[in-house]
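A.B. asks: Dropping the sequence and predicted coords here.
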Amino acid sequence: MNSDILIARGLHKSYRSDGKRLHVIKGIDVSVKKGESLVIVGPSGAGKSTLLHILAGLDKPDGGSVVLGSVDIYRLPDAKRAAIRTQDRGFVFQFYHLLQEFSVMENVMLPGLMRRRPDTAKLRQTAGDILYKVGLKDRMKHRPAELSGGEQQRVAIARALINSPNILFCDEPTGNLDSKSGEAVYRLIFDLNKKEGITVIVVTHQKYFTEVATRCLGIKDGLLSDYML
């Protein structure tokens, strides 16, 4: 296995709720190797989404560090951290967050268009290639409302890949799908890991993700442990 692509140490995160301090992440250490597929399994409220958002640079921890490559991302200014998110990482969430007024092709291209001086023709070709890989070559001109839930999530995955991320972060990617569509999506994610070499980090309560992952961890009460099947 290759060297670590992400190293997190001493992560803490708490929120204030009803006048009380809720400690969600309690001193977590975790590292992820390049090309690895890591699944973190836990029930609702265990802190798995909070942890993923911290690892992805979306939610600043109260304490601890996240080193991506050789950069401690939470020592960077917010604007610089946001720029790195756009360049190096892809995100897939439970809800698809597709723009309903845009076509499938336009939704996938959007993150690329947000980069400085994008080559629109090249970007369109790349988007088309990715949509072909995820099985949506016949849906490029459709609007999201014309697609099934599973198809919409595949559009969201294609969009996450448009900037060639080093890491794909997935937050309950099948939580809004029926079992058949969910299975198709999780197989797509891990095919991308195996065939394209994209590092994948998934948080979920769905145990079927553990069947094909390189490594599985459990999270409970803000702490990580080895996941037991």
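C.D. replies: All right, it came through fine. Residues are numbered from 1 along each chain as shown.

A.B. asks: Surely Leu192 forms part of a strand?
C.D. replies: No: counting by DSSP: H, G, I helix; E, B strand; the rest coil, Leu192 is not part of a strand but helix.

A.B. asks: Ser164 is in contact with that one, correct?
C.D. replies: No: the pair Leu192 and Ser164 does not pass the contact test of CB atoms under 8 Å, sitting 11.7 Å apart. Where C-beta positions appear, they are placed from N, C-alpha and C, glycine not excepted.

A.B. asks: Those two: which is more packed in?
C.D. replies: Leu192 (21 against 13; other CB atoms under 10 Å).

A.B. asks: Who are the contact partners of that one?
C.D. replies: 157, 161, 168, 198, 200 (CB atoms under 8 Å, 6 or more residues apart in numbering).

A.B. asks: please redo it, this time with the cut-off set to 6 Å
C.D. replies: The contact partners of Leu192, taken as CB atoms under 6 Å, 6 or more residues apart in numbering, are Ile198.

A.B. asks: All the helices of this protein, residue numbers only.
C.D. replies: 48-55, 78-88, 104-113, 120-133, 149-161, 179-196 (DSSP state H).

A.B. asks: For the closest residue to Val66 other than its chain neighbours, list each beta-bridge partner.
C.D. replies: With sequence-adjacent residues excluded and distances taken as CB to CB, 6 or more residues apart in numbering, Val66 is closest to Ala8, at 4.8 Å. Bridge pairing for Ala8 (DSSP bridges) gives the partners Val30, Val66.

A.B. asks: So for the protein, the centremost residue is which one?
C.D. replies: Nearest to the geometric centre of the chain sits Phe169, at 1.8 Å (CA atoms, centre = their mean).

A.B. asks: What separation do you get for it and Lys180?
C.D. replies: 24 Å (CB to CB, to the nearest Å).

A.B. asks: do Phe209 as well
C.D. replies: On the measure of CB to CB, Phe209 and Lys180 end up 16 Å apart.

A.B. asks: more neighbours, the two?
C.D. replies: Neighbour totals were compared for Phe209 and Lys180, and Phe209 leads with 24 against 9 (other CB under 10 Å).

A.B. asks: The residue nearest to that one when sequence neighbours are not counted - how many residues pack around it?
C.D. replies: In this structure, Phe209 finds its nearest non-sequential neighbour in Val39, 4.6 Å apart by CB to CB, 6+ apart. Using other CB under 10 Å, Val39 has 26 other residues around it.

A.B. asks: Go through the lowest-mean-pLDDT helix or strand in the chain and flag the buried ones.
C.D. replies: Counting by mean pLDDT, DSSP states H and E, the chain has its least confident helix or strand at helix 78-88, which shows a mean of 81. Judged by neighbour count (16 or more other CB atoms under 10 Å), helix 78-88 contains these buried residues: 81, 85, 88.

A.B. asks: do stretch 26-35 as well
C.D. replies: Buried-residue list, stretch 26-35, by 16+ other CB under 10 Å: 28, 30, 32-35.

A.B. asks: Then stretch 10-27?
C.D. replies: Buried positions in stretch 10-27, judged by neighbour count with 16+ other CB under 10 Å: 11-14, 24-25.

A.B. asks: The helices of the chain: which one's closest to Ser225?
C.D. replies: Evaluated over the helices of the chain, closeness to Ser225 peaks at helix 48-55, with 12.6 Å, by CB to CB.

A.B. asks: distance between the closest one and the chain's centre?
C.D. replies: 10 Å (CA atoms, centre = their mean, to the nearest Å).
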